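Peer 1: For reference, the sequence and a predicted model appear below.
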Amino acid sequence: MGNLVDSPKRDRQRRSLGTAFAYSTNSVFGKLAVNHLTIDELVSMAEVFGFNKKLSVDGRETRSRTTRPGGQLGLGRMAAGFTNSFLSPLHGAALAAMIANGGYWPEKILVNGQHVDEQVLSDRTVRNLKAVMVQAATGGTGTRHVGGIRDPKGGGSVALKTGTLNSRDGSGLHNSWMVGFFPAEKPRIAFASLVSIRGGGAMKSGHLTKYALKTLLMLEKNRAGRY
């Protein structure tokens, strides 16, 4: 709980929201939630993003869930991504597609069997979120694997968010994931990659993402060469 309470003596480092996002400094988001959100507001926003609902993506169904946290510490931990939420890779890709689509769910994504016409995120929020997702790819936790990937058609870099977490179910799995879209401008693909290895290992989600995006670019180049 100490990291969630302001302390001029202890708080000697500062990070902007963009840098915290790019480097997955989770305590920043926990502290912001405790200072600016209620538990009801956080859970409600998660449900706007499709948690606790059935998502259908081009006929494939998934259901991610969130549970109500207890107390301020629980609120901070949930906002930081540690507890009370379970996100499937398909749902992660759907969220990336929604951001890439200007804050609207794409037509092929159904929420509880219906297409949602309302804008989920405002234009301003989409712009800001895209900017920090690009920062994560080009100058943050995603740089090692995808920082050098650029769209030959002028669409720019990858936009993404990364994460790592050890499973708390006794399985001993170390999970690494990436969620994002490419290219950042005029996106053509949204993606999610997840690697879960017992005890950890050399293979990370970034390796899968890099391979998938480079394969996409190679296929597009080969296809263009036929015409």
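Peer 2: Good, I have the coordinates. Given the structure is predicted, the values throughout are model-derived calculations rather than measurements. Numbers count the residues shown, from 1 in each chain.
Peer 1: Run through the residues that contact N26.
Peer 2: A80, G81, F82 (C-beta atoms under 8 Å, 6 or more residues apart in numbering). Quick note: C-beta positions are derived from backbone N, CA and C, even for glycine.
Peer 1: Try it again at 7 Å.
Peer 2: Taking C-beta atoms under 7 Å, 6 or more residues apart in numbering, we find N26 in contact with A80, G81.
Peer 1: now swap in the one 3 residues further on and tell me
Peer 2: Contact partners of F29, counting by C-beta under 7 Å, 6+ apart, are A20, A79, A80.
Peer 1: rerun at 8 Å
Peer 2: Shown in contact with F29 (C-beta under 8 Å, 6+ apart): A20, A79, A80, G81.
Peer 1: Just name the closest of those to L165, please.
Peer 2: Nearest to L165 out of the contacts of F29 is G81 (C-beta to C-beta; 7.4 Å).
Peer 1: Quick check: the gap between the closest one and V120.
Peer 2: 19 Å (C-beta to C-beta, to the nearest Å).
Peer 1: which intervals of this protein have sub-threshold pLDDT?
Peer 2: Low-confidence segments of the chain (pLDDT under 70): 1-8, 226-227.
Peer 1: Please repeat the previous calculation with a cut-off of 80.
Peer 2: By pLDDT under 80, the low-scoring segments of the chain are 1-14, 168-170, 199-202, 225-227.
Peer 1: Tell me the buried residues in the helix ranked longest in the chain?
Peer 2: The helix that spans the most residues within the chain, counting by DSSP state H, is helix 205-225. By neighbour count with 16 or more other C-beta atoms under 10 Å, helix 205-225 contains the buried residues S205, G206, H207, L208, T209, K210, A212, L213, L217.
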